[in-house]
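Visitor: Quick check, what structure comes out for this input:
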Amino acid sequence: MQYEDPQTLAALDRLHRLAHWLGEPGRDLAILAEGNVSQAIGERAETFWLKASGCSLGTMDKDQFVLMDTARSLAILDHETLTDTQIKEMLYGARVDQTSPHLPSTEAALHAVCLTEGGAGAVGHMHPTPFLSLLCSKQGEAALKGRLFPDEIVVCGIAPCYVPYTDPGPPLARASRQAIRNYLQTWGEPPKVVLLGNHGLFALGKNADEVERVTMMAVKVARALLGTFALGGPNFLTEAQAERIRTRPDEHYRQALLERLKGR
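Guide: Here you go, the predicted model:
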């Protein structure tokens with residue numbers, strides 16, 4: 001793999017560190033080959049780095065990422081019906097380097113959606129056990145509708161974007177694209193957290209540092225929410241209280257300070 005552009009190589013280096021951070025066993029975010037990550041290149045995100053299929057986030061090497069063409073990745077969604085073989089061929093065809101030996105993650109189109117319509121610069125997809133406990137439960141969607149505490153809103157946004165279970169790959173990417181569009185119409189801003197029923201979550205950030213912050217806070221929310229059911233269930237903030245946190249100038253100041261924090 002030979003890429004000489006410093007920006008492209010710097011993005012790969014930071015994404016590699018994000019992958020290892022998300023895959024650290026003690027964080028319980030992803031095991032084995034679960035999850036994937038992506039990082040846009042440049043302000044227009046015409047290309048992006050993506051984890052190759054079958055790699056472990058916690059141990060993968062830099063040469064196990066694939067540089068993807070964003071437009072070709074999104075073009076996969078133009079086809080309503082694709083066989084598994086055709087999907088594989090289109091994933092291979094979306095690579096910038098056609099000589100790369102790696103098959104891109106099957107969620108390439110979904111990452112492209114998050115990096116374009118979702119307004120993200122970096123994305124982390126994982127399957128944390130606390131979230132799976134909620135997302136795989138009969139009342140999970142209802143339980144996730146409310147906000148628990150102010151820092152949840154400051155870091156993760158006014159609400160998560162929920163997507164009911166959909167077959168992974170292009171069908172899930174299409175469903176998520178529509179959910180993100182609906183979210184933008186409702187809230188006027190893209191989501192920080194996309195929750196996938198019976199599956200996991202996507203953390204969207206301006207950069208890899210923000211993906212880490214969103215992930216940490218989102219998982220804390222899931223743990224706290226599960227804990228509330230031991231004492232009668234969640235006592236959600238009211239809509240007015242949540243909106244007040246969202247619009248408070250001091251909270252905007254805190255968000256700006258968080259964005260200045262440097263990653264490792």
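Visitor: ranges for the strands of the protein?
Guide: For the chain, the strands defined by DSSP state E cover 36-41, 47-51, 65-69, 122-126, 161-163, 193-196, 200-205.
Visitor: who touches the last one?
Guide: Among residues not part of strand 200-205, those counted as contacts by C-beta atoms under 8 Å, 6 or more residues apart in numbering are 34-35, 110, 114, 118-128, 131-132, 135, 160, 176, 190-196, 211-215, 218. All C-beta atoms are positioned from the backbone trio N, CA, C, and that covers glycine.
Visitor: Kindly report the same for stretch 125-139.
Guide: Contacts for stretch 125-139 (C-beta under 8 Å, 6+ apart): 22, 28-30, 34-37, 57, 107, 110-111, 140, 143-144, 195-203, 215, 218-219, 222-223, 225-226.
Visitor: Got a quick ChimeraX command for the buried subset of those residues?
Guide: The buried residues among these can be selected in ChimeraX (16 or more other C-beta atoms under 10 Å) with this line:
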select :22,29,30,34,35,36,37,57,107,110,111,140,143,144,195,196,197,199,200,201,202,203,215,218,219,222,225,226
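Visitor: quick one: which of the contacts of stretch 125-139 sit in helices?
Guide: Counted as lying in helices by DSSP state H, out of those, are 22, 110, 111, 140, 143, 215, 218, 219, 222, 223, 225, 226.
Visitor: Quickly check those residues for the two that are furthest apart.
Guide: Largest separation among those by C-beta to C-beta: 111 and 226, giving 28.1 Å.
Visitor: Verify the stated contact: residue 31 with residue 59.
Guide: No - contact status for residue 31 versus residue 59: not in contact, 11.1 Å apart, counting by C-beta atoms under 8 Å.
Visitor: Now for residue 163, how many residues are close by?
Guide: 21 (other C-beta atoms under 10 Å).
Visitor: what bits of this structure have low per-residue confidence?
Guide: Across the chain, residues meeting the criterion (pLDDT under 70) sit at 1-4, 250-258, 260-264.
Visitor: now the residue most central in space within it: how far from residue 94?
Guide: Closest residue to the average C-alpha location of the chain: residue 202 at 2.5 Å, with C-alpha atoms, centre = their mean. Applying C-beta to C-beta, to the nearest Å, the value for residue 202 to residue 94 is 19 Å.
Visitor: Many thanks, we can stop here.
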